[in-house]
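Student: Starting from these lines, generate the structure:
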Amino acid sequence: MQALTTNEVVALFKLDERRVRKEVEHGVLGASSPPRYDLSAVVYLLTLARIGFEITTVEDRKKLYALIIRGITKLKTPTIALSAITELNLGQVLNDVTDQIDRFVAWKRKLVTSDHILGGEPVFPKTRLAVRHIGGMRLRGASIEEVREDYPYLNEQDVELASMYARAYPPMGRPRERQAPGR
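Tutor: Purely as a prediction, here's the structure:
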């Protein structure tokens with residue numbers, strides 16, 4: 001797996017960006033600049049989001065991350081004992097992470113093209129429809145049904161993953177200046 005950016009991790013797994021950045025700031029995930037997340041880091045972040053209780057100290061979060069790294073590198077059993085009575089189903093989280101990444105990468109490779117159409121903006125194949133446009137519609141609250149009504153050739157997965165794409169890859173550079181009405 002290729003290391004992911006903060007935006008990619010947040011978008012693909014619907015994580016709280018502040019929480020992800022805090023884990024880097026506190027040194028739980030190491031210190032690369034800019035931060036990149038390998039498989040064990042993504043599994044750790046998704047585990048934190050799903051665990052159902054708060055792990056408050058940095059030391060305890062570092063211990064959990066170390067257990068996850070050990071569990072992934074020596075995955076003989078799909079569970080990790082966190083204590084005498086608590087187990088982490090590492091196999092399930094690992095499958096969820098790899099499935100989501102594989103699904104997104106395959107979709108992106110198959111459907112997102114970037115030519116000289118729309119100045120290099122990623123578009124759906126054989127269209128002038130920008131992926132970020134569809135993703136932006138979803139991020140602004142449009143339902144999948146509303147988007148598909150306007151663009152019936154897109155399927156539900158296209159619309160869902162386009163919103164992830166728009167969050168993971170925001171437009172670069174300064175925003176365009178808006179012209180005043182009547183100009």
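Student: Quick one: low-confidence residue ranges for the protein.
Tutor: Counting by pLDDT under 70, the chain has low-confidence residues at 75-77, 114-115, 173-183.
Student: Break it down into its structural domains.
Tutor: Using automatic domain parsing, the domains assigned to the chain come out as 6-97, 112-168.
Student: can I get those in CSV with distance to residue 104 and mean neighbour count?
Tutor: Where you see a C-beta, it was placed from the backbone N, CA and C, and this is true even at glycine. CSV is the format used below for the domains of the chain (distance: least, C-beta to C-beta, whole Å; neighbours: other C-beta atoms under 10 Å):
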stretch, distance to residue 104, mean neighbour count
domain 6-97, 6, 15
domain 112-168, 6, 16
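Student: Now distance to residue 103 too, for those domains, in a markdown table please.
Tutor: Formatted as a markdown table, those follow (distance: least, C-beta to C-beta, whole Å):
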| stretch | distance to residue 103 |
| --- | --- |
| domain 6-97 | 9 |
| domain 112-168 | 8 |
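Student: For residue 106, which of those is the nearest?
Tutor: domain 112-168 (9.8 Å; C-beta to C-beta).
Student: what's the first-to-last distance across the closest one?
Tutor: Using C-alpha to C-alpha, to the nearest Å, the gap from the first to the last residue of domain 112-168 comes to 14 Å.
Student: need the helices for this structure, in chain order.
Tutor: 6-13, 17-25, 39-50, 58-73, 90-111, 131-139, 144-150, 156-168 (DSSP state H).
Student: okay, the angle between the third one and helix 58-73?
Tutor: An angle of 130 degrees separates the directions of helix 39-50 and helix 58-73 when computed by axes from the mean of the first three to the mean of the last three C-alpha atoms, to 10 degrees.
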